[in-house]
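Asks: Dropping a prediction and its sequence here:
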Amino acid sequence: MAELLRRLRYLFQQSRLQRELADDIEFHREMAGRSGNRNFGNVLRMQEQAREAWGWMWIDRLMQDLHYAGRILLRAPGFTVAAVLVLAIGIGANLTAFSLFNLIALKPLPIRDPQSIVRLERRSPEIIAGEMPYPMVAFYRGHAKTLSAVMATMGAPPMEFERDLQPVTVNFVTANYFSELGTHAALGSLQLPAQQSGPPVVVVSYGFWQRRFGGDTSIIGRVVQITKRPATIIGVTADDFAALDGQESDIWLPLLQQPYFVEGSKLLTDTDSGGETRMWARLAAGATSRAAEQELLALTNQLRKQYPKLIWDHEYILSEPGGHGKIMRPEMYQVAGMVGALVFLILVVACANLGGLMMARGISREHEIGIRIAIGANRKRIFRQLFTESLLLALLGSVAGLALSCIVMRITLAATDAPRWMSAIPDWRVLLLTGTLAVLVAVLFGLAPAWQVARQRQRRTFARQILIAAQLAASSVLLIVAALLVRAAHHVLYTDPGFGYEQVFGIAPGLDSHGYTPAAARVYLDDLKNRLRALPGTESVSLSQLPMLGNGATSYMTVDIGGRPINVYPNWVDPEFFKTMGIPLLRGRNLLPNEPNAVIVSESLARKQWPGVDALSKPLWRDGSKKDIIVGIAGNARIKSMSDGDAVEAYWPVQPANMPAMTLVVKTVGAPSAHLAQARAIAETLNPKLFPYIWLLKTGFRQNAEGLEKVTMIVSLLGLVAISMAGIGIVGLVAYSVSQRTKEIAVRLALGAKRLHVIAAVLKQFCWPIVIGTVAGVATAAATSKFLRKFLFGIGNLDPLSYAGAIAVLIVLVGLSAVTPVRRALRLDLARTLHYE
Amino acid sequence: MTPSGALPMLILRVLHSGSLHGYAIAQRIHVLSSEVLGIEEGLLYPTLQKMLLKGWVTAEWGISETNRKVRFYKLTSEGRRQLKTELSDYDRVSSAIRNVLNTA
């Protein structure tokens, strides 16, 4: 330790200590001279040797190398700019992808002690549920000792605000929500009432306050109408307020006052349905997530005695870290991994490309390096010098890449209307990755060429061949993935989705949130159906438990069919559903009203479950024990999962108990938009307390398609970038090997060789690397693209057309980039070339 | 002849009887060894730097016999300890070598 301190002292007082040392040696020389010994060594060299003992010479050398590298790079500005640009694209793509992942999954929310926030969800071996009835939350809050605070949130359909046309997004939260998150009010207070009674209040978000009220500071205490019910504005959230799990909304209402805003709601007492509230908690000091799970399991078993019907078999509560932008699900990690792999391929192409450039440059520096070795530089030192150059380039590229990714992030955050706390400014994780990538790329593109150049072995073609193969492999994977996605998107957008949506609109009356009993709901729905049918221009009306192409939860069950997990999208419908949605019944018969134990399955489900066998009259699994008989087979209609190639559907008759959850779909003769206002009027006259949500299926379809188009566009862009870089890389490498063999080409031509033969001779060395690279790329794509299946609608992950298309594009590009430099070589002036050489 | 491995020990030993400047260290070793051992400057100063870093010696300003301001090297307590271990190590090794030479 003391030695280290002394060493550091030598670093910081270098110039003084150096003077003292020089003085010592000078004195020694004087004395030696006096005693007649004039044969004294090189004083400078002696000093250097002595200084070596301090252990800081490497800094001197590094500075020397950096200085020299800087001069070299400045002397070749064209090369430097090209190299930095290539690296900036490769590194920028990776940093952008990581920054997004960082914001969503890694960066703690700017709230008080984000590490101790957990999300608590119900689980059983069969069931995954994100939401639970409020009484369960209340029970856990009352009994759990490992949790210092329990919060509940509940999303709700958009609500009417004053008399605005545009409904506002809403979140109901418990009274402790804002104080537990440690946020402050931008205006007023965020103190929600802790009792159900008391005057109804509302907190507005900063963004909504700016948009709707223009930042008017006098709104505190103002009474506003929310779904025609008065409530007092008590506060405005902070500009950078971060809601849990990204549940931002325009207004925040007290969960305990939910029955006031949604009349008839039994949310706070109901234990019969699955529930709608999400549970969050803060772990008590010293308590671990595991300890909380164990305590909650014991509490769940107590709760079973109280509500035997509510608690499932083997139910437990899962605790997950909640203090991040989003609660990560396994499938989200899958997507993240896939994106990560794709952007990393871009980096590989960039590095291979730059490696080729570096090697070509090594040739032009052969002379310089020859001289340096001749005057006594050792190879190690030259290798170090060359690698320092690569490192400097990599650093410049990383800084440029970081700047690029910041710009892209800023645009992305602005375009997606991201919460204000999400910032495009890189945090330490992003900076750490930037540094790591800089070193990694320096090793990837710099190490091998530096080694070869230092040993003056750069004329060997092997390294060049590896570089070409690597570029081709990486770009063909990217191209194939892009081709698959483009084809899938095309398929989704331009082929029949298996159902009609142009002339259909949906109505979600929201009966369940207003506490309708099944019987009352049935009366209301029958009334509504009859009135809608009576409207001129209505073709048919039907019930559907899941909102078709509207907002709202998608529920599916994952079933193991033939060893592969298949997502089955269930729905509960009435017989008119198939006619309304334009889904053909291929075989068998329609469902009968309220028919028990009958089910209609989609064609692909029938084919997957019973390959080569008639599925009609076969029993279908449900809830493990009960079996339903398949009465009909419908056409495939991927309404709830437009782009999942594996999804299948099953339709059961409407269950009387589920009546309050029903939505309607209405098919019109002409364009449906004219009917929307009338439909709303009818729904509201039947019960003015409801605020039904009405939407066009066309809009939902377009929104889904837009998301898909965006993903496809980004991947295609990545593929395009990769292939252009690979193309430029190939042009460079071929041009370079042609320039090396100019003399040979000229001699051959002068002796009367056919041009075609000469071309073949020059290009021969690239044949195998191109073939091997492409084959490796195709094999990798084929092996890994099964992870893409969820995004590939209508085509297999081995779709031959996509592969053929990608390879064709690749071959054309490779051909073009290989032949161009050769053609130029063939046009050379023979006499002059031979003379010059 | 330069006793490279034993140089730190020799320096420590000559400094044991008092602080000396660099030239005097070389001279003293030369004289005490009856002019058998000659210390090269190219070795002396790196070794002294190393010993400074290890904390075995410290340097302080003094006036030389030629009336010049020069650095004198002085043994520290740590250096004294180091001298003791080096001497005992040396004794052990040299007696072992002698044993081999005598009996083989």
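Replies: Structure received.

Asks: What parts of chain A come near chain B?
Replies: A:2-3, A:6-7, A:10, A:20-21, A:23-25, A:27-32, A:34, A:40-41, A:45-47, A:49-55 (Cβ under 8 Å from any Cβ of the partner chain). Backbone N, C-alpha and C define where each C-beta goes, glycine included.

Asks: hang on, A:Val150 in a helix?
Replies: No: under the criterion used here (DSSP: H, G, I helix; E, B strand; the rest coil), A:Val150 is strand, not part of a helix.

Asks: Can you give me the neighbour number for it?
Replies: 20 (other Cβ atoms under 10 Å in any protein chain shown).

Asks: Once you drop chain neighbours, what's closest to it?
Replies: A:Arg141 (3.8 Å; Cβ to Cβ, 6 or more residues apart in numbering or on different chains).

Asks: before we move on, back to that, generate a PyMOL selection restricted to the buried subset of the residues of chain A next to chain B.
Replies: In PyMOL, a selection of the buried entries from the residues of chain A next to chain B looks like this (16 or more other Cβ atoms under 10 Å in any protein chain shown):
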select buried, chain A and resi 10+21+24+25+27+28+29+31+32+46+47+49+50+51+53+54+55
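
Asks: Quick one: residues contacting the nearest residue to A:His143 once chain neighbours are set aside.
Replies: Take A:His143 and drop its neighbours on the chain: the residue closest to it by Cβ to Cβ, 6+ apart is A:Leu299, 5.4 Å away. Contacts for A:Leu299 (Cβ atoms under 8 Å, 6 or more residues apart in numbering or on different chains) come out as A:Phe139, A:Tyr140, A:His143, A:Ala144.

Asks: Tell me the one of those nearest chain B?
Replies: A:Ala144 (58.9 Å; Cβ to the nearest Cβ).

Asks: next one: phi and psi at that closest one?
Replies: Backbone geometry at A:Ala144, expressed as degrees, to the nearest 10, gives phi -70, psi 130.

Asks: Contact residues of chain B facing chain A?
Replies: B:21-23, B:26, B:40-42, B:44-50, B:52-55, B:59, B:64, B:66, B:68, B:70-71.

Asks: Would you write a PyMOL line that selects the buried entries of these?
Replies: To isolate the buried ones among the residues of chain B next to chain A in PyMOL, judged by 16+ other Cβ under 10 Å, type:
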select buried, chain B and resi 21+22+23+26+41+42+44+45+46+47+48+49+50+52+53+54+55+59+64+70+71
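
Asks: Filter the residues of chain B next to chain A down to just the ones in helices.
Replies: B:22-23, B:26, B:41-42, B:44-50, B:52-54 (DSSP state H).

Asks: quick one: the residue nearest to A:His143 and A:Thr288, what's the gap?
Replies: Computed as Cβ to Cβ, to the nearest Å, the A:Leu299 to A:Thr288 distance reads 17 Å.

Asks: do the same with A:Phe161
Replies: 43 Å.

Asks: The two: which has the busier surroundings?
Replies: The residue with more neighbours, out of A:Phe161 and A:Thr288, is A:Phe161; 21 against 11, by other Cβ under 10 Å.

Asks: And the contacts of the worst-scoring helix or strand of chain B on mean pLDDT?
Replies: Among the helices and strands of chain B, helix B:41-54 carries the lowest confidence by mean pLDDT, DSSP states H and E, at a mean of 84. Residues from elsewhere that reach helix B:41-54 (Cβ under 8 Å, 6+ apart): A:3, A:6-7, A:10, A:21, A:24-25, A:28-29, A:32, A:40-41, A:45-47, A:49-55, B:2, B:4, B:7-8, B:11-12, B:22, B:25-26, B:57-59, B:73, B:78-79, B:82.

Asks: What sits closest to residue 14 if chain neighbours are left out?
Replies: Answering for chain A, as no chain was given. A:Trp56 (7.3 Å).

Asks: Actually, chain B is the one I wanted.
Replies: Closest to B:Val14 by Cβ to Cβ, 6+ apart is B:Arg28, at 4.6 Å.

Asks: Run through who's touching the strand or helix carrying that neighbour.
Replies: B:Arg28 is part of helix B:22-32, with elements assigned from DSSP states H and E. Helix B:22-32 is contacted by residues A:24-25, A:27-28, A:31-32, B:10-11, B:14-15, B:20, B:37-39, B:41, B:44-45, B:48, B:71, B:73 when judged by Cβ under 8 Å, 6+ apart.

Asks: at 7 Å what do you get?
Replies: Outside helix B:22-32, the residues within contact range by Cβ atoms under 7 Å, 6 or more residues apart in numbering or on different chains are A:24, A:27-28, A:31, B:10-11, B:14, B:20, B:37-39, B:44-45, B:48, B:73.

Asks: Show me which of those is closest to A:Thr388.
Replies: A:Thr388 has its nearest neighbour among the contacts of helix B:22-32 in B:Tyr45, at 29.4 Å by Cβ to Cβ.

Asks: that older thread, and the angle for the helix holding B:Arg28 with helix B:41-54?
Replies: 110 degrees (axes from the mean of the first three to the mean of the last three Cα atoms, to 10 degrees).

Asks: Quick check: buried residues in helix B:22-32?
Replies: B:Gly22, B:Tyr23, B:Ala24, B:Ile25, B:Ala26, B:Gln27, B:Arg28, B:Ile29.

Asks: Show me what the mean pLDDT comes to for the helix ranked longest in chain B.
Replies: For chain B, the helix reaching the highest residue count under DSSP H is reported as helix B:77-103. What helix B:77-103 shows for mean pLDDT is 89.

Asks: Next, the angle from that helix to helix B:41-54.
Replies: On the basis of the same axes, to 10 degrees, helix B:77-103 is oriented at 130 degrees to helix B:41-54.

Asks: What count of nearby residues applies to A:Ala352?
Replies: Neighbours around A:Ala352, by other Cβ under 10 Å: 27.

Asks: Does it lie in a helix or a strand, and which?
Replies: Per DSSP H and E: helix A:330-364 holds A:Ala352.

Asks: Report all helices and strands that that helix contacts.
Replies: In this structure, helix A:330-364 packs against helix A:77-101, helix A:448-454, helix A:462-494, helix A:697-740, with contacts taken as 3 or more Cβ pairs under 7 Å, 6 or more residues apart in numbering or on different chains; DSSP states H and E.

Asks: what's the pLDDT at the single nearest residue of the stretch 401-550 of chain A relative to chain B?
Replies: Minimum separation of the stretch 401-550 of chain A from chain B (Cβ to the nearest Cβ) falls at A:Ala454, amounting to 28.5 Å. If you check A:Ala454, the pLDDT there is 74.

Asks: so it touches A:Arg384, yeah?
Replies: No: contact criterion Cβ atoms under 7 Å: A:Ala454 and A:Arg384 do not qualify, at 8.6 Å.

Asks: in which helix or strand would I find A:Arg531?
Replies: helix A:518-534.

Asks: Tell me the buried residues in that helix?
Replies: A:Ala520, A:Ala521, A:Arg522, A:Tyr524, A:Leu525, A:Leu528, A:Lys529, A:Arg531, A:Leu532.

Asks: Sounds good, over and out.
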